[in-house]
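*Asks:* please find the sequence and the predicted model below.
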Amino acid sequence: MKSKIISLLVVFLFTLAIQPVLAQETTDLEIYDIEKEQIVKRIPNTPEIQQDVTQYLKTIDRTIPPLGQVPKKGKMVRIPIQPPSQIENQWIKGTIYEVFFILLPDRDPFIIVYDEARKPYLLQSAYMPQHILKLVNS
């Protein structure tokens with residue numbers, strides 16, 4: 001029970017960290033630096049990025065274990081999905097309006113998506129979103 005509470009707290013705190021990002025209605029990608037606690041780059045949303053997101057969503061093959069604590073370093077990339085995408089797998093079913101790619105130094109990339117009830121899902125795929133990774137690392 002204690003680990004579930006900690007897990008929920010970590011996701012809640014992670015969500016709070018990105019609330020300033022959510023407050024701005026934009027179609028651009030927003031790259032948030034966890035260490036600096038701010039958006040460090042805005043990039044126009046392109047068809048290539050949307051293809052990366054779509055491919056990632058189609059190939060989700062696992063959930064990831066709770067983080068245990070809020071990361072101190074890394075990047076979060078908020079990507080609005082245009083148009084919103086239907087997703088259905090063993091973990092989530094519904095319409096996805098945006099994806100948060102989480103890029104941490106000691107983990108493979110993963111995403112956070114929310115269902116219509118704003119329940120967060122931490123999901124992962126073997127697919128590497130090359131366009132997104134290139135933008136973040138440039």
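*Replies:* That came through, no problem.

*Asks:* please count neighbours and contacts with C-alpha atoms only from this point.
*Replies:* Fine.

*Asks:* pull out the buried residues from the lengthiest strand in the chain.
*Replies:* Counting by DSSP state E, the longest strand found in the chain is strand 75-88. For strand 75-88, the neighbour count (16 or more other C-alpha atoms under 10 Å) marks 75-81 as buried.

*Asks:* return the member of the residues you listed nearest to Ile31.
*Replies:* Proximity of those to Ile31 (C-alpha to C-alpha) peaks at Val77, which lies at 4.6 Å.

*Asks:* wait, what's in contact with the closest residue to that closest one other than its chain neighbours?
*Replies:* Spatial nearest neighbour of Val77, chain neighbours left out: Ile31 (4.6 Å); criterion: C-alpha to C-alpha, 6 or more residues apart in numbering. Contact analysis of Ile31 by C-alpha atoms under 8 Å, 6 or more residues apart in numbering lists 39-42, 75-78, 136.

*Asks:* then stretch 127-135 to PDB, C-alphas only?
*Replies:* Written as PDB, here are the backbone C-alpha positions of stretch 127-135 (Å, rounded to 0.1, in the frame of the first residue of the first chain):
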ATOM      1  CA  TYR A 127      10.400   2.100 -30.900                       C
ATOM      2  CA  MET A 128      12.800   5.000 -30.600                       C
ATOM      3  CA  PRO A 129      11.300   8.300 -31.800                       C
ATOM      4  CA  GLN A 130      14.200   9.600 -33.800                       C
ATOM      5  CA  HIS A 131      12.800  12.900 -34.900                       C
ATOM      6  CA  ILE A 132      11.900  13.800 -31.300                       C
ATOM      7  CA  LEU A 133      15.200  12.700 -29.900                       C
ATOM      8  CA  LYS A 134      17.100  14.700 -32.500                       C
ATOM      9  CA  LEU A 135      15.200  17.800 -31.700                       C
END
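
*Asks:* how about the residue lying closest to Arg78 once chain neighbours are set aside, secondary structure?
*Replies:* Of all residues not flanking Arg78 in the chain, Phe100 sits nearest, at 4.6 Å (C-alpha to C-alpha, 6+ apart). The local conformation at Phe100, judged by DSSP: H, G, I helix; E, B strand; the rest coil, is strand.

*Asks:* how about the one 5 residues further on?
*Replies:* Secondary structure, three-state DSSP: Pro105 is coil.
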